[in-house]
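[1] No sequence on hand, only this structure:
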């Protein structure tokens with residue numbers, strides 16, 4: 001057998017930490033080929049990226065004095081633990097060590113975390129598989145703040161308001177990255193030199209089809225748990241409101257946390273559900289035009305044909321070019337059996353840009369409201385009941401509306417529309 005075949009067929013592979021270069025190459029090869037490393041190392045030896053990688057999750061470590069008991073030590077690794085280590089090995093290798101480029105980027109991220117510890121990733125964030133981890137089974141809250149959030153902006157061709165949003169987003173401390181989803185297939189995005197210069201990573205993706213569900217796709221560029229879904233005309237939110245919204249999401253990572261809210265109401269005359277967008281304290285839906293959610297829900301929504309009704313809901317949304325936000329609320333509420341969270345005092349959101357005339361707003365059009373009501377009734381039939389939860393509750397910052405100096409209030413720029 002050649003070396004790679006031998007390693008691939010083995011459950012455990014021995015590593016003696018002496019020469020760091022040889023050790024690093026061995027570990028990288030074992031992680032790639034799926035052989036759990038058994039590391040013999042003294043206390044003074046340092047493993048690759050040990051500052052951020054928890055090697056105990058993906059290897060078996062023994063001290064030189066315990067070498068004679070290696071069989072007994074390996075016998076304590078149950079099949080469940082062994083599979084967990086294999087999963088973590090795959091995640092660490094493909095995230096941080098797969099290519100020289102991955103290694104260089106990881107090194108730069110570590111240096112960045114050292115120089116700016118207030119925004120550096122915490123150790124649990126480095127070592128967790130955030131992409132597929134269900135928020136229903138997370139450890140107790142709040143979630144780590146170090147990873148920040150990814151802003152996903154769905155746009156068609158409203159460049160002026162889009163650029164205004166980008167210049168505002170870059171000032172938000174917890175923003176990690178911006179992803180612009182260009183949902184127009186015939187008009188290309190602006191050229192590189194037209195975009196505003198911002199100090200946060202940004203990527204523009206042009207979609208192959210104009211679908212509202214494109215905003216929920218689990219793009220590979222989303223490396224954070226938290227996603228901030230944003231329409232290209234929501235320019236009125238302040239940086240304080242967005243940052244506070246993210247901090248609230250950390251407390252409720254299994255819910256949709258956001259700003260514009262809506263309500264479903266039972267109509268006794270028609271014996272059907274009605275979509276209500278009036279100014280009320282009660283709400284049951286958070287519109288995804290300005291909302292935080294866990295990236296896990298993107299995987300459920302776009303690939304969740306095995307989840308009850310989602311395939312039918314996605315088809316309805318794509319055929320009617322409407323109600324993707326209602327479908328998303330139905331999915332989350334049906335899974336969690338909990339209400340979603342409204343943030344801040346704003347009740348009604350108006351498009352304030354020249355490119356979006358208030359007099360022609362969809363949310364004020366009666367036919368649009370009728371279509372939204374039709375969606376609610378359709379989705380209720382698909383789910384076999386009404387999963388949405390109505391509540392009279394919202395999250396505001398501590399000291400909100402108190403007459404105190406702005407420097408004392410952490411989120412001073414939060415107010416009514």
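    Ah, there it is. Computed from a predicted model, the values in this text were never measured in an experiment.
[2] three-state assignment of residue 367?
    On the three-state scheme (DSSP: H, G, I helix; E, B strand; the rest coil), residue 367 is labelled helix.
[3] I'd like to know how far it sits from residue 374.
    The spacing between residue 367 and residue 374, counted by Cβ to Cβ, to the nearest Å, is 10 Å. Quick note: C-beta positions are derived from backbone N, CA and C, even for glycine.
[4] Same question for residue 283.
    20 Å.
[5] out of those two, which sits in the more crowded spot?
    residue 283 (25 against 17; other Cβ atoms under 10 Å).
[6] residue contacts, the more buried one?
    Contacts were defined as Cβ atoms under 8 Å, 6 or more residues apart in numbering; by that measure residue 283 touches 261-263, 342, 390-392.
[7] Beta-bridge partners for it, please?
    In this entry, residue 283 is beta-bridged to residue 391, by DSSP bridges.
[8] domain parsing for this structure?
    Per automatic domain parsing, the domain ranges recorded for the chain read 3-112, 135-390.
[9] out of the ones you listed, nearest to residue 401?
    For these, the distance to residue 401 is smallest for domain 135-390, at 8.9 Å, taking Cβ to Cβ.
[10] Could I get the buried residue list for the helix or strand hosting residue 203?
    Per DSSP states H and E, residue 203 falls inside strand 202-206. Residues of strand 202-206 classed as buried: 202, 204 (neighbour count, 16 or more other Cβ atoms under 10 Å).
[11] between the contacts of residue 283, which has the most around it?
    Neighbour counts for those were taken using other Cβ under 10 Å; the highest belongs to residue 342, with 28 neighbours.
[12] With the flanking residues excluded, which residue is spatially nearest to it?
    Spatial nearest neighbour of residue 342, chain neighbours left out: residue 394 (4.2 Å); criterion: Cβ to Cβ, 6 or more residues apart in numbering.
[13] Residue 314 and residue 374: what is the separation?
    Counting by Cβ to Cβ, the separation of residue 314 from residue 374 is 16 Å.
[14] hmm, back to that, how far out from the middle of the chain is the strand holding residue 203?
    17 Å (Cα atoms, centre = their mean, to the nearest Å).
[15] Find me the pLDDT at residue 87, would you?
    Among the per-residue scores, residue 87 holds a pLDDT of 86.
[16] Phi, psi for it please.
    Torsion angles at residue 87 (phi, psi; degrees, to the nearest 10) stand at phi -60, psi -40.
[17] how near is it to residue 49?
    In this structure, residue 87 and residue 49 are 18 Å apart, going by Cβ to Cβ.
[18] Looking at the two, which has the bigger crowd around it?
    Comparing residue 87 with residue 49 by other Cβ under 10 Å, the one with more neighbours is residue 49, at 18 against 13.
[19] could you list every residue that touches that one?
    Applying Cβ under 8 Å, 6+ apart, we find residue 49 in contact with 96-97, 106, 110.
[20] which non-adjacent residue is nearest residue 376?
    residue 273 (4.5 Å).
[21] could you say what helices and strands the strand or helix carrying residue 244 packs with?
    Element membership for residue 244, per DSSP H and E: helix 239-251. Contact here means 3 or more Cβ pairs under 8 Å, 6 or more residues apart in numbering; DSSP states H and E; on that basis helix 239-251 packs against strand 226-231, strand 257-258, strand 290-294, strand 341-343.
[22] May I see those strands arranged in a markdown table, with distance to residue 175 and mean pLDDT as well?
    Below are the helices and strands packed on helix 239-251 laid out as a markdown table (distance: least, Cβ to Cβ, whole Å; pLDDT from 0 to 100):
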| stretch | distance to residue 175 | mean pLDDT |
| --- | --- | --- |
| strand 226-231 | 8 | 95 |
| strand 257-258 | 16 | 95 |
| strand 290-294 | 12 | 95 |
| strand 341-343 | 16 | 93 |
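[23] Nearest to residue 240, out of the ones you listed?
    Put simply, out of the helices and strands packed on helix 239-251 the one that sits nearest residue 240 is strand 341-343, at 11.1 Å, with distance taken as Cβ to Cβ.
[24] follow-up on the earlier one: tell me the two of the contacts of residue 283 that are most distant?
    The span of these, defined through Cβ to Cβ, is set by 262 and 392 at 14.0 Å.
[25] can you redo the helices and strands packed on helix 239-251 as TSV with distance to residue 277?
    Written out in TSV, the entries for the helices and strands packed on helix 239-251 read as follows (distance: least, Cβ to Cβ, whole Å):
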stretch	distance to residue 277
strand 226-231	15
strand 257-258	15
strand 290-294	15
strand 341-343	14
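[26] and of the ones you listed, who's closest to residue 154?
    Evaluated over these, closeness to residue 154 peaks at strand 226-231, with 6.3 Å, by Cβ to Cβ.
[27] That closest one: how far from the chain's middle?
    That offset, for strand 226-231, works out to 8 Å (Cα atoms, centre = their mean).
[28] lowest confidence element among the helices and strands of this structure?
    For the chain, using mean pLDDT, DSSP states H and E, the weakest element among its helices and strands is helix 123-127, scoring a mean of 57.
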